[in-house]
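A.B. asks: From the sequence below, what's the structure:
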Amino acid sequence: IEAPSEAGVFYGIQTLRKSVSVHEGGGAIELPAVEINDTPRFSYRGMMLDVGRHMFTMDEIKTYIDMLALHNINRLHWHLSEDQGWRIEIKKYPKLTEIGSKREKTLVDYYYVNYPQVFDGKEHGGYYTQEQIKDVVAYAASKYINVVPEIEMPGHSGEVLAAYPQLSCTGKPYTSGEVCIGNEETFKFFEDVLDEVIRLFPSRYIHIGGDEASRRHWKTCPKCQKRMKEEGLKDESELQSYMIARIEKYLNDKGREITGWDEILDGGLAPNATVMSWRG
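C.D. replies: I've put the predicted structure just below:
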């Protein structure tokens, strides 16, 4: 096996593994007498794992990484926060894991299958400590996989608002899944969270979500409307873009770049952002 890099040799070994014919009952291992020249078509080859809606064990995550490595995947997009559960220990905000990592029940089947909706009545929860996060990052790196963390904002933040309701437009939990962009404390919160995230993940990219935010609460929120007036923003799409651009600048100043779902295009794209398209 020859390659211009260690990663290339590693991928060559995976190709060798996949070339082996395994006979029932053991016996000799046969390899076809061929020469294989292989070059990756894409430099970014990723898979996402959503642990927000369903908690996976450390062993399950490492098995997932093993499967990614076998197929020459080099990015693990780790979806760590979601309305249904916050999964990463943030030392400055302990309520995220004390409260935000648990839900009292889980929806059975898909949203549109059962009316009225059916729930299982079982508590579901869990989170990864910072030491476990480091372990996953190191394990992935040993297989030439870079872990890209995702921290959702401004929508899909119901679990944040369950723990810190003062960050919502109403000051109450469970009234929406969107944080209040007019509240300066919201920016302090996410900056503090991202400070801890970037200490754990060497990834150049940090995924900040940006999808499916309902803007109806921002329309009636005095703080959000005041922010729009002060910043000269014509609608709530531009208000979301204001937040994304501000978070991007914060991360750019720390040598990182953001990626987000394609809704970050609405209201104007942040200057250096990379878009992940999930709707088309």
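A.B. asks: residue ranges for the strands of the chain, please.
C.D. replies: Using DSSP state E, the strands assigned to the chain run over residues 46-50, 75-79, 81-82, 85-86, 102-103, 124-125, 146-153, 205-209, 257-261, 274-276.
A.B. asks: what's the most buried one of these?
C.D. replies: strand 85-86 (a mean of 28; mean count of other CB atoms under 10 Å). C-beta: built from backbone N, CA, C; applies to glycine.
A.B. asks: So what touches that one?
C.D. replies: Strand 85-86 is contacted from outside by 51-53, 55, 80, 96-97, 100-103, 124-127, 159-160, 163, using CB atoms under 8 Å, 6 or more residues apart in numbering.
A.B. asks: returning to that earlier point: out of the strands of the chain, flag the one nearest Cys221.
C.D. replies: Across the strands of the chain, Cys221 has its closest neighbour in strand 146-153 (16.1 Å, CB to CB).
A.B. asks: ok so, going back, would you mind checking the contacts of strand 85-86 for buried ones?
C.D. replies: The neighbour count (16 or more other CB atoms under 10 Å) marks 51-52, 55, 80, 96-97, 100-103, 124-125, 127, 159-160, 163 as buried among those.
A.B. asks: Not counting sequence-adjacent ones, nearest residue to Val197?
C.D. replies: Counting by CB to CB, 6 or more residues apart in numbering, Val197 lies nearest to Pro149, which is 5.6 Å off, once chain neighbours are set aside.
A.B. asks: Could you double-check that that neighbour lies in contact with Ile88?
C.D. replies: Yes: shown here, Pro149 and Ile88 form a contact pair, counting by CB atoms under 8 Å, at 7.5 Å.
A.B. asks: returning to that earlier point: with mean pLDDT and distance to Met243 added, can I get the strands of the chain in a markdown table?
C.D. replies: Shown next, in a markdown table, are the strands of the chain (pLDDT from 0 to 100; distance: least, CB to CB, whole Å):
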| stretch | mean pLDDT | distance to Met243 |
| --- | --- | --- |
| strand 46-50 | 98 | 23 |
| strand 75-79 | 98 | 19 |
| strand 81-82 | 97 | 16 |
| strand 85-86 | 97 | 19 |
| strand 102-103 | 95 | 26 |
| strand 124-125 | 96 | 28 |
| strand 146-153 | 98 | 7 |
| strand 205-209 | 98 | 9 |
| strand 257-261 | 97 | 11 |
| strand 274-276 | 95 | 16 |
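A.B. asks: Reformat the ones you listed into TSV and put distance to Asp135 next to each item.
C.D. replies: Formatted as TSV, those follow (distance: least, CB to CB, whole Å):
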stretch	distance to Asp135
strand 46-50	15
strand 75-79	13
strand 81-82	19
strand 85-86	19
strand 102-103	23
strand 124-125	20
strand 146-153	11
strand 205-209	20
strand 257-261	24
strand 274-276	26
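A.B. asks: To Glu236, which of those lies closest?
C.D. replies: Nearest of the strands of the chain (CB to CB): strand 146-153, 14.9 Å.
A.B. asks: Name every strand pairing with that closest one and say which way it goes.
C.D. replies: If you go by DSSP bridges, strand 146-153 pairs up with strand 75-79 (parallel), strand 205-209 (parallel).
A.B. asks: before we move on, the earlier item: determine which of the strands of the chain approaches Tyr115 most closely.
C.D. replies: Among the strands of the chain, strand 102-103 comes nearest to Tyr115, with 20.8 Å by CB to CB.
A.B. asks: Quick one: distance of the closest one to the chain centre.
C.D. replies: Offset of strand 102-103 from its chain centre (CA atoms, centre = their mean, to the nearest Å): 18 Å.
A.B. asks: Pull the residues that contact it.
C.D. replies: For strand 102-103, the surrounding residues in contact (CB under 8 Å, 6+ apart) are 84-85, 123-125, 159.
A.B. asks: go again using 7 Å as the cut-off
C.D. replies: Contact partners of strand 102-103, identified using CB atoms under 7 Å, 6 or more residues apart in numbering, comprise 84-85, 123-125.
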